[in-house]
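Colleague: what's the 3D shape of this:
(2 chains, ligands or ions: 1)
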Amino acid sequence: MVQKLDMLKESPSQTAGPYVHIGLTPNWCDITGVYPEDLGRTMVGLQAKGERIVVTGRVLDGSGTPLEDALIEIWQADAAGLHNSPIEKRGKADPHFTGWGRQPTDGATGEYRFETIKPGRVPYVDGRPMAPHIIFWIVARGINIGLHTRMYFADEETANAECPVLARIEHRSRVPTLIARRMEEDGRAVYTFDIRLQGENETVFFDV
Amino acid sequence: MSDQGSFFQRDRSWHPPAFTPQYKTSVLRSPQFALLSLENTVSEMTGPHFGHSQLGPLDNDLIRNYMQTGEPIGQRIVVHGRVLDENAKPVPGVLLEFWQANAGGRYRHKKEAYLAPLDPNFGGCGRTITDEEGRYRFRTVKPGAYPWPNGVNDWRPAHIHFSIFGHAFTQRLITQMYFEGDPMIWQCPIVSTIPDRNAVERLVAALDRNNTLPMDALAYKFDIVLRGRRSTFFENRMEGN
Ligand SMILES: [Fe+2]
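Modeller: Below is the predicted model of the structure:
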């Protein structure tokens, strides 16, 4: 016998199920009067610094069908590359930008939509700058443990080319699955980022 | 020494795999490529912070937070416990959000088709934040079991869904709490996505007679464990302190 390590095991994950909205976006699913506003709905304050952008897209299953019951959370740095988090030690983030958003995919079209700002660059573990990116976390019925991925920006070609995380992707044909297309809509940049859970062009998901 | 180090790698053999054919919806929603393992960067080691001031006084009371004409029907229960990390250290300031069916097993959701009736006094959502010792508690009614379309006669055991925010986005977790003594736990295709019976038992709340409210509500104790961090003492990186 040896001494015990006294470590606990993480609680195992279970699917968020089809009714995740009851708990996480109750106002969106018509449970009103309990919370004044769904958490994560508003990310950008009036005085927030940085370029206002829209991030939209769909989550597609292995048959190409959009998920109408998924829930997405995003987490990102502010325009200066700092996170609005007590754990951020590199400086003080913009207090008018939360960095965290939560949106369901639409029950009819399957589209999600975030109004946010374009993030600055954040250092990798060895100090080299990563390209600007947004962390995505996706849960839904049929997803047994939340999926982590990253969205990068098509108009950041130079930064993307030197990003140490994108460089880690062995199968180079899969890199474009993480890069959002840019369009303009009423003078505002709209990035489209579709997430493919399975099949051709399956999105790169991370174990972080 | 502090807890600013990177997080212990997730034990993927302890969690359910993505592809679990007995739970049919997972078949087309499971990635087939291997996940890309990545050291924690500051993007994953940070996370949003939620303060007690963001909560309302009834947020942790599902018996009262949707009341229209009176209190909801059902077995009154208190659910309480602690949020710890893998180093067995309590985690304060954790936002817990929970949702559940009513006592008849019916969810308040537009896509729900089960014939059991809605309870006009029950919404089914609540939230709270752990205190300095990682403790939380909320009051609700015990949810009913319900049938669901998978096999022709599959039923979910009574359960409460939990969403948990640690301090880092990489600790983000959603899971479900089951109730001690329920034989249906061991017949459920969603529970059985978890490969190890010991892991399933970590999700079964114990009936806690000592914390029962006499003449009022039964108590169940449900502890939650989030990923733990290395001590920076052993790491080369000199960030943090
Ligand atoms: Fe459920």
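
Colleague: Which positions within stretch B:210-230 qualify as buried?
Modeller: For stretch B:210-230, burial by neighbour count (16 or more other CB atoms under 10 Å in any protein chain shown) applies to B:217-229. Bear in mind the C-beta positions are built from the backbone N, C-alpha and C, glycine included.

Colleague: Those also near chain A: which ones?
Modeller: Counting by CB under 8 Å from any CB of the partner chain, B:224-228 from those sit close to chain A.

Colleague: which residues touch the most centrally placed residue in chain B?
Modeller: With distances taken as CA atoms, centre = their mean, the residue of chain B nearest its centroid is B:F162 (2.4 Å). Residues counted as contacts of B:F162 (CB atoms under 8 Å, 6 or more residues apart in numbering or on different chains) are B:96-98, B:174-177, B:224.

Colleague: Distance to A:P36 and secondary structure for those - can I get that in CSV?
Modeller: Shown next, in CSV, are those (distance: CB to CB, whole Å; DSSP: H, G, I helix; E, B strand; the rest coil):
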residue, distance to A:P36, secondary structure
B:L96, 19, strand
B:E97, 15, strand
B:F98, 18, strand
B:I174, 23, strand
B:T175, 27, strand
B:Q176, 27, strand
B:M177, 27, strand
B:I224, 26, strand
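
Colleague: how about the strands in chain A?
Modeller: Using DSSP state E, the strands of chain A run over A:52-60, A:71-75, A:100-104, A:111-117, A:133-139, A:147-153, A:179-185, A:188-192, A:195-196, A:206-207.

Colleague: So in that sheet, which strands flank the fourth one, and in what orientation?
Modeller: This points to strand A:111-117. strand A:52-60 (antiparallel) (DSSP bridges).

Colleague: Okay, angle between the helix or strand encompassing the residue nearest to the centre of chain B and strand A:71-75 too, please.
Modeller: Assigned by DSSP states H and E, B:F162 falls within strand B:159-165. Here strand B:159-165 runs at 20 degrees with respect to strand A:71-75, directions being taken by axes from the mean of the first three to the mean of the last three CA atoms, to 10 degrees.

Colleague: Look at B:G240 and report its pLDDT.
Modeller: What the model reports for B:G240 is a pLDDT of 43.

Colleague: Count the residues that sit near B:H161.
Modeller: Neighbourhood size, B:H161 [other CB atoms under 10 Å in any protein chain shown]: 25.

Colleague: before we move on, back to that, who's the residue nearest to the centre of chain B bridged to?
Modeller: Legend: beta-bridge partners of B:F162 under DSSP bridges are B:F98, B:T175.

Colleague: Quickly list what the residue nearest to the spatial centre of chain A is bridged to.
Modeller: Nearest to the geometric centre of chain A sits A:F136, at 2.1 Å (CA atoms, centre = their mean). With DSSP bridges applied, A:F136 shows beta-bridge pairing to A:I74, A:T149.

Colleague: doesn't B:I160 make contact with B:T140?
Modeller: Yes - B:T140 is within contact range of B:I160, at 7.4 Å (criterion: CB atoms under 8 Å).

Colleague: Please enumerate the shared neighbours of these two.
Modeller: B:79, B:98, B:100.

Colleague: sec struct for the closest residue to the first one other than its chain neighbours, please.
Modeller: Same thing as B:V79. Spatial nearest neighbour of B:V79, chain neighbours left out: B:Y220 (5.2 Å); criterion: CB to CB, 6 or more residues apart in numbering or on different chains. What DSSP: H, G, I helix; E, B strand; the rest coil gives for B:Y220 is strand.

Colleague: How about the contacts made by B:Y220?
Modeller: Contact analysis of B:Y220 by CB under 8 Å, 6+ apart lists B:77-80, B:177, B:179-180, B:205-208.

Colleague: Out of those, grab the one that's most surrounded.
Modeller: B:V79 leads those on contacts (other CB under 10 Å) with 29 neighbours.

Colleague: Including mean pLDDT and distance to A:K89, could the strands of chain A go into JSON lines?
Modeller: Output for the strands of chain A, formatted as JSON lines (pLDDT from 0 to 100; distance: least, CB to CB, whole Å):
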{"stretch": "strand A:52-60", "mean pLDDT": "98", "distance to A:K89": "27"}
{"stretch": "strand A:71-75", "mean pLDDT": "98", "distance to A:K89": "17"}
{"stretch": "strand A:100-104", "mean pLDDT": "98", "distance to A:K89": "18"}
{"stretch": "strand A:111-117", "mean pLDDT": "98", "distance to A:K89": "22"}
{"stretch": "strand A:133-139", "mean pLDDT": "98", "distance to A:K89": "18"}
{"stretch": "strand A:147-153", "mean pLDDT": "98", "distance to A:K89": "22"}
{"stretch": "strand A:179-185", "mean pLDDT": "96", "distance to A:K89": "29"}
{"stretch": "strand A:188-192", "mean pLDDT": "97", "distance to A:K89": "29"}
{"stretch": "strand A:195-196", "mean pLDDT": "98", "distance to A:K89": "31"}
{"stretch": "strand A:206-207", "mean pLDDT": "98", "distance to A:K89": "23"}
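
Colleague: Figure out which of the ones you listed is closest to B:E39.
Modeller: strand A:206-207 (10.5 Å; CB to CB).

Colleague: Check whether that closest one comes near chain B.
Modeller: Yes - using CB under 8 Å from any CB, strand A:206-207 comes into contact with chain B via A:206-207.

Colleague: who's in contact with that strand?
Modeller: Here strand A:206-207 has contacts from A:148-150, B:9-10, B:12, B:35-38, using CB under 8 Å, 6+ apart.

Colleague: neighbours of A:M43, just the number please.
Modeller: For A:M43, the neighbour count with other CB under 10 Å is 21.

Colleague: Kindly report the same for A:D6.
Modeller: There are 7 residues near A:D6, going by other CB under 10 Å.

Colleague: My guess is it contacts B:A88. True?
Modeller: Yes - counting by CB under 8 Å, A:D6 does reach B:A88; the two are 6.4 Å apart.

Colleague: Could you tell me what pLDDT the model assigned to the closest residue to B:R209 other than its chain neighbours?
Modeller: Of all residues not flanking B:R209 in the chain, B:A219 sits nearest, at 7.5 Å (CB to CB, 6+ apart). Confidence at B:A219, expressed as pLDDT, is 98.

Colleague: now B:F234
Modeller: In this prediction B:F234 is given a pLDDT of 55.

Colleague: where do the helices sit along chain B?
Modeller: B:42-45, B:197-201 (DSSP state H).
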